[in-house]
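Undergrad: predicted model and sequence below, questions to follow.
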Amino acid sequence: MIFAAGLGTRLRPLTDTMPKALVPVGDSPLLEHVLRKLVAAGYDDVVINVHHFAPQIAAWVEQHPMPGLTVHLSDESRELLETGGGIRHAAPLLGRSDPFLIHNVDILSNVQLPALRAAFRGDAMLLVSERDTQRYLIFDDDMRLVGWTNIQTGEVRTPFPAVREAFDEDYVAPVNSIAVQTSPFFRPRGTGPYRLLAFSGIQLMSPRLLPLMSSWPERFSIIDFYLKVCRERPIYGYEQPGLRLMDVGKYGTLDKAAEFLASIE
């Protein structure tokens with residue numbers, strides 16, 4: 001599944017007239033770059049959720065078929081459902097047996113998708129890395145998800161009392177990160193029982209989790225969902241050695257995005 005329904009506000013003024021998915025990077029739109037990566041990794045069935053300028057994405061998909069690839073659209077034109085709601089809405093198109101990949105349309109990377117799939121365990125696996133940001137997922141020493149934190153505000157969300165207690169005691173964060181070093185709440189060190197890692201926007205999910213979404217509101221975040229269920233259901237992180245990733249988030253980053261794409265290809 002490709003998340004392509006967002007408003008793309010950070011890419012204005014381009015997204016005043018087109019969806020984020022069709023913003024060009026180099027000679028091709030973001031959507032095409034992601035689709036080609038999926039095809040190269042052996043995927044042959046893709047769901048794209050659409051909301052902002054949905055007819056433009058539908059027209060582009062029809063006009064740019066890829067051999068061996070079947071594309072379905074999950075229509076969120078009536079209401080943008082966020083990441084968790086979008087997955088639940090698309091569930092009838094996602095299959096009921098094998099884990100499915102979820103990929104943000106505005107993420108460019110050198111992720112090795114076959115290796116990610118081969119490493120899958122538990123009920124979901126999130127591609128994560130050490131990089132500077134304000135919001136981190138918290139993992140234990142087995143790379144199991146145990147919480148989330150905003151290092152600028154000190155907010156910690158976790159269903160595990162031990163994690164809450166550790167961070168309430170001015171926890172010393174085990175990541176080599178400028179953002180953590182300058183945070184008033186956490187200090188870096190090289191080892192520790194918990195790791196703070198940044199989510200990439202790329203993940204694998206087992207269909208076993210879908211029934212647990214039935215009681216959630218129509219719109220909800222997939223991270224909120226994971227934080228709610230991770231006490232009972234195993235959600236893991238996965239680090240790829242040498243991962244290079246770029247979030248194409250702002251208008252001024254597009255030239256850099258083209259250079260980045262050329263460097264990883």
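TA: Ah, there it is.

Undergrad: which helices and strands sit right next to the helix or strand where residue 165 lies?
TA: Secondary-structure element containing residue 165, defined by DSSP states H and E: helix 161-168. Packing contacts for helix 161-168, counted by 3 or more CB pairs under 8 Å, 6 or more residues apart in numbering; DSSP states H and E, involve strand 145-150, strand 155-157. Where C-beta positions appear, they are placed from N, C-alpha and C, glycine not excepted.

Undergrad: nearest to residue 101, out of those?
TA: Each of those was checked against residue 101 via CB to CB, and the shortest separation belongs to strand 145-150, namely 17.8 Å.

Undergrad: in stretch 107-125, what's buried?
TA: Going by neighbour count (16 or more other CB atoms under 10 Å), the buried part of stretch 107-125 is 107-109, 111-113, 116-117, 120, 122-125.

Undergrad: C-terminal to the least confident helix or strand in the chain by mean pLDDT, what's the next element?
TA: Considering only helices and strands, the least confidently modelled element of the chain by mean pLDDT, DSSP states H and E is strand 187-188, at a mean of 47. Taking DSSP H and E as the definition, the helix or strand that follows strand 187-188 towards the C-terminus is strand 195-205.

Undergrad: so what strands line up beside that next one?
TA: Strand pairing for strand 195-205, determined by DSSP bridges: strand 100-104 (antiparallel), strand 124-129 (antiparallel), strand 135-139 (antiparallel).

Undergrad: would you single out the least confident of those strands?
TA: Averaged per stretch, pLDDT over the strands paired with strand 195-205 is lowest on strand 135-139, reaching a mean of 93.

Undergrad: from the chain's centre, how far out does that one sit?
TA: 13 Å (CA atoms, centre = their mean, to the nearest Å).

Undergrad: picking up where we left off before, can you list contacts of the helix holding residue 165?
TA: With contacts defined as CB atoms under 8 Å, 6 or more residues apart in numbering, helix 161-168 is touched by 138, 146-147, 149, 156, 158, 193-194.

Undergrad: distance of the residue lying closest to residue 207 once chain neighbours are set aside relative to residue 130?
TA: Taking CB to CB, 6 or more residues apart in numbering as the measure, residue 207 lies nearest to residue 96, with 5.1 Å between them; neighbours along the chain are not counted. Between residue 96 and residue 130 the computed distance is 35 Å (CB to CB, to the nearest Å).
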